[in-house]
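In: Next input, structure requested:
(one chain, ligands or ions: 1)
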Amino acid sequence: MEEVARRLNIDAPRVLVLNAGYQALGIASIRRAVSLVMAGMAEVVEDSGEFLRTPNALYPVPAVIRLGKMVRPRVHKVRLERRNVFKRDGYVCQYCGRPARDLTLDHVLPRSRGGPSTWDNLVAACRPCNHKKADRTPEEAGMKLLREPRRPTQALWLNILEVPREWRGYFRS
Ligand SMILES: [Zn+2]
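Out: Just a heads-up that it's a prediction; the model follows:
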C-alpha cells in the first residue's frame, strides 16, 4: 500500500466529470472530484488505481466521476495562444511533420499580406520551415500543410491531451 500512495498533486486537473447521463462535461482536480463524491453529489465510475493518503486512510483517487444531477454543459473555449496552437498541432511542424523543440508560430497567409492571427491561420512550424516559407503562402512556397488548421473543439482537445485509459469510451471521436 505504501508504494501506491504516491505524492499526488491534488489540484491537478485529472478527473473526468460526467453528467448524470454519462456525457463528458469537463475535467476536475482530484480535490474537487473527491469533495463532490464525499458530499454525495457524484459517484465514482472508474478508479485511477492511485490512492490519496489521509492521516487515517488511503482514499482511492477516481479517474471518472458522474454527477448525480444533470447540469447544463458549459461550452469550453480553448484560448488562442501560442502554446495551445502547438498543442493542437501535436507539437510537430505542420509543414515537414517533424517534432521540434523550438517550434515557431507561422501565419499561413503571412501577416504582411493581411493574414489574421486566428485558429485557422496559425500553425506550428519548425524554424527551418518557417524560414523557408518566409512571406509566402504555402502554395507559393511549394509547401503543403499536414492538415487544415481549425479551432479545436473540446472533444478534439481531449483527444490531443493524453487521455487516460479509464476515460476512453466516454468520448466519441
Ligand atoms: Zn518543418
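
In: How is the protein partitioned into domains?
Out: Domain segmentation of the chain under automatic domain parsing yields 13-74+155-167, 82-141.

In: To the ion, which of those lies closest?
Out: Nearest of the domains of the chain to the ion, taken as CB to the ion: domain 82-141 at 3.1 Å. The way it works is simple: take the backbone N, C-alpha and C, and place the C-beta from them, glycine included.

In: quick one: contacts of stretch 41-57?
Out: 1, 4-6, 8, 10, 14-15, 17-18, 30, 33-34, 36-37, 58-69, 164, 166-167 (CB atoms under 8 Å, 6 or more residues apart in numbering).

In: Could you list which of those belong to strands?
Out: 14-15, 17-18, 58-67 (DSSP state E).

In: Pull out the buried members of those residues.
Out: Taking 16 or more other CB atoms under 10 Å as the criterion, what is buried in those is Arg14, Val15, Val17, Leu18, Tyr59, Val61, Pro62, Ala63, Val64, Ile65, Arg66, Leu67.

In: list the contacts for the last one?
Out: Meaning Leu67. Going by CB under 8 Å, 6+ apart, the list of residues near Leu67 reads Val17, Leu18, Asn19, Ala20, Leu25, Leu36, Met41, Ala42.

In: Tell me the pLDDT of it.
Out: According to the prediction, Leu67 has pLDDT 90.

In: who does it bridge with?
Out: Ala42 (DSSP bridges).

In: Return the distance of it relative to Leu52.
Out: 20 Å (CB to CB, to the nearest Å).

In: Lys132 in helix, strand or coil?
Out: State at Lys132, reduced to three classes by DSSP: H, G, I helix; E, B strand; the rest coil: helix.
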